[in-house]
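Colleague: structure for this input, please:
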Amino acid sequence: LCSASRDVDLCRERDWVEGVRRSAEGVQVDLRCHACDLPYDRDELEGRLVQSVRQLVMSYSQQDLRCNKCRRSAAGMLTLHCPCSGTFQHATPPDAVMERLRALEGVANFYHFEWLAEELASHLPEPEPEEGPGVEEVEPASVTV
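Modeller: Below is the predicted model of the structure:
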């Protein structure tokens, strides 16, 4: 039993990226320990990533609002302005959370982590349909009353 521990960058770790093989039969993912060369448990890895998504979303939704001037936390639930006349805003901006979720979406797609992709789909907005050649706009139907 190996007890080696390390952080892995799923986007840049050469050994892991090369462990993903695509063929006509599908995708085969071979993720191995750097110390003992035993395969990692994919379900365990995916479970940890799903847990990190849930933790990120929970911490974002429960964060304090902070004043953009004095950095004081909002004391009241419905207060729009701080006593120093600054405005309250999220301590972690929504764009930072979305960027992290999009990066994890790329990991889910690359490594074929279906559970992670499903979890992310419940938090990410639906992509807007693209307009282009062959895509026609439909006129709204008129109704006579």
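
Colleague: tell me, how many residues neighbour residue 20?
Modeller: By other Cβ atoms under 10 Å, 14 other residues sit near residue 20. From N, CA and C alone the C-beta is placed, and that goes for glycine too.

Colleague: any idea how far the residue nearest to the spatial centre of the chain is from residue 30?
Modeller: Nearest to the mean C-alpha position of the chain, counting by Cα atoms, centre = their mean, stands residue 101 at 1.7 Å. Residue 101 sits 26 Å away from residue 30 when distances are taken as Cβ to Cβ, to the nearest Å.

Colleague: and residue 16, how many neighbours does it have?
Modeller: 21.

Colleague: quick one: it and residue 33 touch, right?
Modeller: No: with contacts counted by Cβ atoms under 8 Å, residue 16 stays clear of residue 33, the gap being 11.0 Å.

Colleague: next one: the host helix or strand of residue 103 to chain centre, how far?
Modeller: Residue 103 is part of helix 94-111 when elements are defined by DSSP states H and E. Its chain's C-alpha centre and that of helix 94-111 lie 3 Å apart, by Cα atoms, centre = their mean, to the nearest Å.

Colleague: what's the first helix or strand after the helix or strand containing residue 44?
Modeller: For residue 44, the host element (DSSP H and E) is helix 42-61. Under the assignment DSSP H and E, the closest C-terminal helix or strand after helix 42-61 is strand 65-67.

Colleague: contacts for that next one, please.
Modeller: 72-74, 82, 84, 86-91 (Cβ atoms under 8 Å, 6 or more residues apart in numbering).

Colleague: ok, now with 6 Å
Modeller: 73-74, 82, 86, 88, 91 (Cβ atoms under 6 Å, 6 or more residues apart in numbering).

Colleague: with stretch 36-56 instead?
Modeller: 2, 31-32, 113, 115-116, 119.

Colleague: just stretch 94-104 next, same as before
Modeller: 60, 120, 124.

Colleague: by neighbours, which of those wins?
Modeller: residue 120 (22 neighbours).

Colleague: right, and it touches residue 106 too?
Modeller: No: counting by Cβ atoms under 6 Å, residue 120 stays clear of residue 106, with 10.0 Å between them.
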